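Trainee: Predicted model and sequence follow; I will ask about them next.
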Amino acid sequence: MKRLVSILLVVMLLGTQLVFAEEKTSGDGPTHFTFAQLSDISIENIEKISIGCSKCGLGLSEYFISSPLIISEIFNAFKDMEFVEDTSDGSAGGWVYGINFYMKDGTYIQFGTRLHIDKVDYNAVFPDTALEKMAYFHDLIENIDSSEWATDYILECQELDFLENVTDISYKEPITREKFCEVLYNMYAKTTDNPTSWNINMRMIFEDCHNEKVAILYLEDIIKGKGDMIFAPDDYLTREEAATILVRYVNKFKPMPVHEVYFEYDDISEVSEWASNSVQVISNLGIMEGVGENKFAPKDTYTAEQAIATIMRLYNKK
């Protein structure tokens with residue numbers, strides 16, 4: 001997702017004008033209310049949202065989001081949408097797109113071109129704009145080809161621009177060493193105060209990889225090569241390699257306390273000696289977890305969605 005705020009402002013300005021007053025009237029016409037007024041929602045009280053598309057109701061294609069960052073972006077996109085009280089006796093009709101805002105107290109409010117609040121129906125003043133914006137979010141999520149559990153992480157990663165210029169990435173497929181470094185570097189560059197400025201001679205670092213992002217992580221002692229100036233950028237990243245890289249990043253840029261619990265994975269003997277401590281640290285931090293059946297699978301490859309999930313867990317660690 002490339003800067004939702006900028007895109008949404010363009011979409012909104014095409015269809016209507018933003019209204020920030022508590023309420024307004026248009027001549028002798030009906031009073032206009034914003035969605036935020038009618039729903040009285042506080043972002044802090046939203047537990048999750050679902051956004052769906054159907055000709056006769058939510059559920060035909062419905063996606064759930066629990067990320068506070070993305071929930072905030074979506075709510076802010078609609079909070080100033082205007083509605084007027086419906087004075088007709090007509091039916092609300094079927095939904096094309098709709099969003100459910102689920103509250104922590106178990107209640108929910110359904111947003112669409114029509115709202116039903118306290119037994120009163122309200123119609124959107126600019127229904128086409130509402131539909132266009134809901135369609136944007138629905139299609140954005142639908143077009144992310146990932147496992148359901150990974151959607152929140154990927155949306156956050158996109159919104160924070162950690163996937164900037166990372167091309168040809170398939171979320172369910174193993175991630176290469178170079179792609180992993182690109183995502184990690186983007187987080188480093190966008191979150192590190194006063195990053196070191198390096199005068200890089202690419203030929204003096206790796207013979208088989210001339211990626212400046214990889215070079216900078218090498219110079220920052222975050223990643224290592226495979227000997228003799230070889231990085232093997234197209235090799236798939238293994239889980240123990242990911243653990244080692246992430247722990248180096250934590251130690252240098254984001255030190256945090258570690259609860260000293262020894263994780264006795266059933267395949268602990270398969271962990272390389274150089275990665276043994278990192279596997280324990282990253283497990284203690286909760287940034288990486290086992291793969292089930294009490295196994296860490298150190299030599300298994302790491303998918304792109306798993307890599308993004310761990311990088312986002314690291315970013316969100318306080």
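Mentor: Thanks, I have the structure now. Residues are numbered from 1 along each chain as shown.

Trainee: For stretch 124-138, buried residues please.
Mentor: For stretch 124-138, burial by neighbour count (16 or more other C-beta atoms under 10 Å) applies to 124-127, 129-131, 133-134, 136-138. C-beta: built from backbone N, CA, C; applies to glycine.

Trainee: do the same with stretch 188-196
Mentor: By 16+ other C-beta under 10 Å, the buried positions in stretch 188-196 come out as Tyr188.

Trainee: end-to-end on that stretch?
Mentor: In stretch 188-196, first residue to last residue: 11 Å (C-alpha to C-alpha, to the nearest Å).

Trainee: can you map out the helices along the stretch 51-200 of the chain?
Mentor: Along the stretch 51-200 of the chain, counting by DSSP state H, counting those that start in this stretch, helices occupy 68-78, 127-142, 151-159, 177-191.

Trainee: which two in the buried residues of stretch 124-138 are spaced the farthest apart?
Mentor: Using C-beta to C-beta, the buried residues of stretch 124-138 span at most 21.3 Å, a distance reached by Val125 and His138.

Trainee: sorry, back to before: minimum distance to Glu62: which of the helices of the stretch 51-200 of the chain has it?
Mentor: helix 127-142 (9.0 Å).

Trainee: So which elements touch the closest one?
Mentor: helix 4-15, strand 46-53, strand 61-65, helix 68-78, strand 97-103, helix 151-159 (3 or more C-beta pairs under 8 Å, 6 or more residues apart in numbering; DSSP states H and E).

Trainee: redo that, cut-off 7 Å
Mentor: Judged by 3 or more C-beta pairs under 7 Å, 6 or more residues apart in numbering; DSSP states H and E, the packing partners of helix 127-142 are helix 4-15, strand 46-53, strand 61-65, helix 68-78, strand 97-103.

Trainee: now for these, which one comes closest to Lys252?
Mentor: helix 68-78 (25.1 Å).

Trainee: Which positions in the closest one come out as buried?
Mentor: Across helix 68-78, burial judged by 16+ other C-beta under 10 Å covers 68-71, 73-75, 77-78.

Trainee: Repeat that for stretch 284-293.
Mentor: Across stretch 284-293, burial judged by 16+ other C-beta under 10 Å covers 284-285, 287-288, 290.

Trainee: same question, stretch 111-127
Mentor: 111-115, 117, 121-127.

Trainee: Looking at these, spot the one nearest Val250.
Mentor: Using C-beta to C-beta, Phe111 comes nearest to Val250 of the buried residues of stretch 111-127, at 39.7 Å.

Trainee: ok, that closest one - contacts?
Mentor: By C-beta atoms under 7 Å, 6 or more residues apart in numbering, the residues touching Phe111 are 35, 78, 98-99, 101.

Trainee: Can you report how many residues neighbour the closest residue to Thr196 other than its chain neighbours?
Mentor: Distance criterion C-beta to C-beta, 6 or more residues apart in numbering; nearest residue to Thr196, sequence neighbours excluded, is Glu220 at 6.9 Å. Neighbourhood size, Glu220 [other C-beta atoms under 10 Å]: 18.

Trainee: now Glu220: how far from Ser283?
Mentor: From Glu220 across to Ser283, the span is 24 Å (C-beta to C-beta, to the nearest Å).

Trainee: Who's the closest spatial neighbour of Tyr265, skipping the chain neighbours?
Mentor: Closest residue to Tyr265 apart from its sequence neighbours, by C-beta to C-beta, 6+ apart: Phe296 at 4.4 Å.

Trainee: re earlier: let's have the buried residues of stretch 124-138 in CSV, adding pLDDT and distance to Ser88.
Mentor: Listed next are the buried residues of stretch 124-138 as CSV, based on pLDDT from 0 to 100; distance: C-beta to C-beta, whole Å:
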residue, pLDDT, distance to Ser88
Ala124, 94, 14
Val125, 94, 15
Phe126, 94, 18
Pro127, 93, 15
Thr129, 93, 21
Ala130, 92, 19
Leu131, 93, 20
Lys133, 94, 25
Met134, 93, 23
Tyr136, 93, 29
Phe137, 93, 29
His138, 92, 28
